[in-house]
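# 3D model of this:
(one chain, ligands or ions: 1)
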Amino acid sequence: MYRSLIYSILIISLFSFSNSYSQTTQNENYQYYIDLNKSENGKLPVELITPDFSSSTVLFRFPAMVPGTYKIYDFGRFVSDLKAFDESGNELSVSKQDENTWEISGAESLYKITYMLKQTFGDTTGKSVFEPVGTSFEPGKIFVFNNQGIFGYFDGYIENDYVLNITKPEGFYGSTSLDAFERTNTLEVFNSPDYAFLVDNPIFFNVPDTASIIFPEAKVLISVYSPGKGITAKDIQEKDKELLEGIRNFLGGKLPTDRYTFLYYFSDSKTGSGSYGALEHNNSSLYFFPDVPVQAKSFMLSQLQSTTAHEFYHVVTPLNLHSEEIGFFDFNNPVMSQHLWLYEGVTEYNADYIQLVEGLITPEEYATAIQQKLNGASRFNDTLPFTFMSKNALTPEYEEQYLNVYLKGALIGMCLDILIREESNGKQSLQDVINSLIQKYGKDNPFKDDELFGEIEALTSPKIGEFLNTYVGGPSKIPYEDIFAKVGFKIEKIPYEAVNTSGVAMGFNQDTYRLKIVNTGPAGNKFVEDLGIKVGDEMVSVNGVAITFQNARGIFGSQKNKIKKGDEMVIEVARPKAGGDYENIKLKATITETKTNYDFKVDVNENLNDNQKMLKQAWMGK
Ligand SMILES: [Zn+2]
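Okay, the predicted model is just below:
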């Protein structure tokens, strides 16, 4: 019968489809098959039908680093049991070349690769991975796909298409800016035109809590995972809408992308990298923050607003304006650019500034934000040229200075904006300069690292070139008081003495909620040596005062904790013993050397002269 024939063909084709990966025809694409239902104990098995090769050997790789992170993570560390097969199922020889690379012999007959992944969330076996870059496999809850931790690539075949066939538990949905070919109750099929695009588009698979915001030019999806349900996509939708309207207005009335996905993961886990934050992409951003009870919702929403503004502004830079080091990004041999002050600093400046000019925060709140940045930046090496630090941010010697990009980097952005306006009698802004540079360069046309300062000078004035060379490319300290006064901010510098503990670095133990010594610094610091502090010691009290988050910064001297040369300092630490216990020990040393530090206080000055009024008006855009 005609009818039954069609029916049986349908059955056969359905049957062959559901078993397709044993018979998938090889072509030029990477054809990936993952079944989320097969995940156990933070692991996930993966199958890849490889592109067809004619060479005898191929290298299969995972990235050492991905764009936007400025840190080497070696994603190959999370891959095990990698096996290669020909079409008949015979195993081919595989040898591991380094942390991220596998060499496969007999590649002419290579058909399939299988491997086991371990999630990066909660991993403590090595350098921890910042969660917004990582992966998590939590059956029944969520699967976080930052694709550099899931999918690999063959050397020389990074431009080939990817087809991802993901079998999922019923009720789960894949939130992403990737194109979905197909979505059924149990299967989602995504496509990516190349590896870089795949890495640029993370995915959340979970029971969806989503909301959208529609602009004429752009569709925005918000996807939230909050195990305690203290915060929902609907809560965030309202805030993000207000913020995106502000950013849109600031950027000339149009969002610079046609689609965007916000992925918010709120964590209830105590084992993490110790950092919270987010990572930007061209069409999405992924956030990792603590899960908060409903009472703390408004606090969390205001925290998120600044981070969301920061990540979204990244569409401007580095995503649409960057140097060759970023544009021709090498996943396995990354090279740094000198201009983190632009990619991260100007972005962080604009995150606050856009909120100020769009009326989302008050001038007083903005002053507090600058104050925090000035105080934060004072903990870093202020005479290390910023371009040099940026270029060397991946080296062990300078990686601890990296976080200053969000502090001093943002202050550099503010100084430039003010000075560019001053030089142009209020007519030109930093964003105008960036827009001109995007017109000239843009996403696919990187600038040369060494030429950027000259380019900016050509668009502005010699004084701006001098500022860049002296304070961003050189070791001189920026005269913040003078520059910020031009738009009506008063900065007070309040001096205090502190023990010189250069190189002593502290982390945070999430289980004990105490600060922990992670580095005792270079040898030869008499005070640190006399004290006898050790890596692993956790800080309990100083001179009898318990150490809390509020006073932690002042352990070695502050306005409140006044110290001077010749004083004896007593620090009580909890020192870890074998078996997981701690022993409390009092360490003593006499202070032999101090240095003068400053606290910054920033206020809005209402008493302005005509020049200040003009410039403030230009800077505030009204
Ligand atoms: Zn950033």
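
# from here on, just use CA atoms for contacts and neighbour counts.
Noted.

# tell me what the helix or strand hosting Leu452 is packed against?
Per DSSP states H and E: Leu452 is located in helix 452-459. The helices and strands touching helix 452-459, judged by 3 or more Cα pairs under 8 Å, 6 or more residues apart in numbering; DSSP states H and E, are helix 462-467.

# who are the packing partners of the helix it packs on?
Secondary-structure packing of helix 462-467 (3+ Cα pairs under 8 Å, 6+ apart): helix 408-423, helix 452-459.

# let's see it at 7 Å
Judged by 3 or more Cα pairs under 7 Å, 6 or more residues apart in numbering; DSSP states H and E, helix 462-467 is in contact with helix 452-459.

# buried ones in the helix it packs on?
Leu452, Phe453, Ile456, Glu457, Leu459 (16 or more other Cα atoms under 10 Å).

# tell me which residues are up against it.
Helix 452-459 has contacts (Cα atoms under 7 Å, 6 or more residues apart in numbering) with Val433, Ile464, Gly465, Leu468.

# what angle sits between that helix and helix 408-423?
20 degrees (axes from the mean of the first three to the mean of the last three Cα atoms, to 10 degrees).

# C-alpha coordinates for helix 452-459, PDB please?
Once non-C-alpha atoms are left out, helix 452-459 reads as follows in PDB (Å, rounded to 0.1, in the frame of the first residue of the first chain):
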ATOM      1  CA  LEU A 452      47.700  53.200  18.300                       C
ATOM      2  CA  PHE A 453      49.100  56.200  20.300                       C
ATOM      3  CA  GLY A 454      50.000  58.000  17.100                       C
ATOM      4  CA  GLU A 455      46.600  57.300  15.600                       C
ATOM      5  CA  ILE A 456      44.800  58.700  18.600                       C
ATOM      6  CA  GLU A 457      47.100  61.800  18.700                       C
ATOM      7  CA  ALA A 458      46.400  62.400  15.000                       C
ATOM      8  CA  LEU A 459      42.600  62.300  15.700                       C
END
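
# spit out the contact partners of the residue nearest to Ile72 when sequence neighbours are not counted.
Distances taken as Cα to Cα, 6 or more residues apart in numbering place Met65 nearest to Ile72, at 4.8 Å, with adjacent residues excluded. By Cα under 7 Å, 6+ apart, the contact set of Met65 is Lys71, Ile72, Tyr73, Asp74, Phe331, Asn332, Pro334.

# ok, back up a step: so how far is the helix holding Leu452 off the chain centroid?
Relative to its parent chain, helix 452-459 has a centroid offset of 28 Å by Cα atoms, centre = their mean, to the nearest Å.

# rewinding a little: can you put the contacts of helix 452-459 in a markdown table and add neighbour count, distance to Arg421 and pLDDT?
Formatted as a markdown table, the contacts of helix 452-459 follow (neighbours: other Cα atoms under 10 Å; distance: Cα to Cα, whole Å; pLDDT from 0 to 100):
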| residue | neighbour count | distance to Arg421 | pLDDT |
| --- | --- | --- | --- |
| Val433 | 18 | 11 | 97 |
| Ile464 | 22 | 10 | 98 |
| Gly465 | 18 | 14 | 97 |
| Leu468 | 21 | 15 | 98 |
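
# centroid-nearest residue for this structure?
Centroid check for the chain by Cα atoms, centre = their mean gives Leu279 as the closest residue, at 3.6 Å.

# my read: that one touches Ser285, true?
Yes. Contact criterion Cα atoms under 7 Å: Leu279 and Ser285 qualify, at 5.6 Å.

# what do the two both touch?
By Cα under 7 Å, 6+ apart, the residues touching both Leu279 and Ser285 are Glu311.

# from the buried residues of helix 452-459, pick the one nearest Asp417.
Ile456 (12.0 Å; Cα to Cα).

# okay, the closest one: pLDDT?
Listed pLDDT for Ile456 reads 98.

# from Met336, how far out is it?
20 Å (Cα to Cα, to the nearest Å).

# please apply the same query to Ala377.
Ala377 is 21 Å from Met336, where distance means Cα to Cα.

# average pLDDT across stretch 590-609?
For stretch 590-609, mean pLDDT is 91.

# now do the end-to-end distance for that stretch.
Its start and end residues considered, stretch 590-609 measures 50 Å (Cα to Cα).

# so that it lines up with my notes, have the first residue be 439 from now on.
In the new count, where the first residue is 439, that last one comes out as stretch 1028-1047.

# strands of the stretch 789-938 of the chain, residue ranges please.
927-937 (DSSP state E, counting those that start in this stretch).

# my read is Leu701 is in a strand, agree?
Yes. Assessed by DSSP: H, G, I helix; E, B strand; the rest coil, Leu701 belongs to a strand.

# dig out what it forms beta bridges with.
Beta-bridge pairing of Leu701 under DSSP bridges involves Ser661, Leu724.

# what residues are up against it?
Contacts for Leu701 (Cα under 7 Å, 6+ apart) come out as Ile660, Ser661, Val662, Ser723, Leu724, Tyr725.

# okay, it: pLDDT?
We have a pLDDT of 98 for Leu701.

# ditto for Ile1009
We have a pLDDT of 91 for Ile1009.

# next, give phi and psi for the nearest residue to it once chain neighbours are set aside.
The spatially closest residue to Ile1009, leaving aside those adjacent along the chain, is Val980, at 4.5 Å (Cα to Cα, 6+ apart). Phi and psi for Val980, reported as degrees, to the nearest 10, are phi -130, psi 130.

# and what of the one 4 residues further on?
When read as degrees, to the nearest 10, the backbone of Ala984 gives phi -60, psi 140.

# number of nearby residues for it?
By the criterion of other Cα atoms under 10 Å, Ala984 has 14 neighbours.

# OK, contacts around Leu969?
The contact partners of Leu969, by Cα under 7 Å, 6+ apart, come to Leu1025, Lys1026, Ala1027.

# give me the buried subset of those residues.
Buried members of those, counted by 16+ other Cα under 10 Å: Lys1026, Ala1027.
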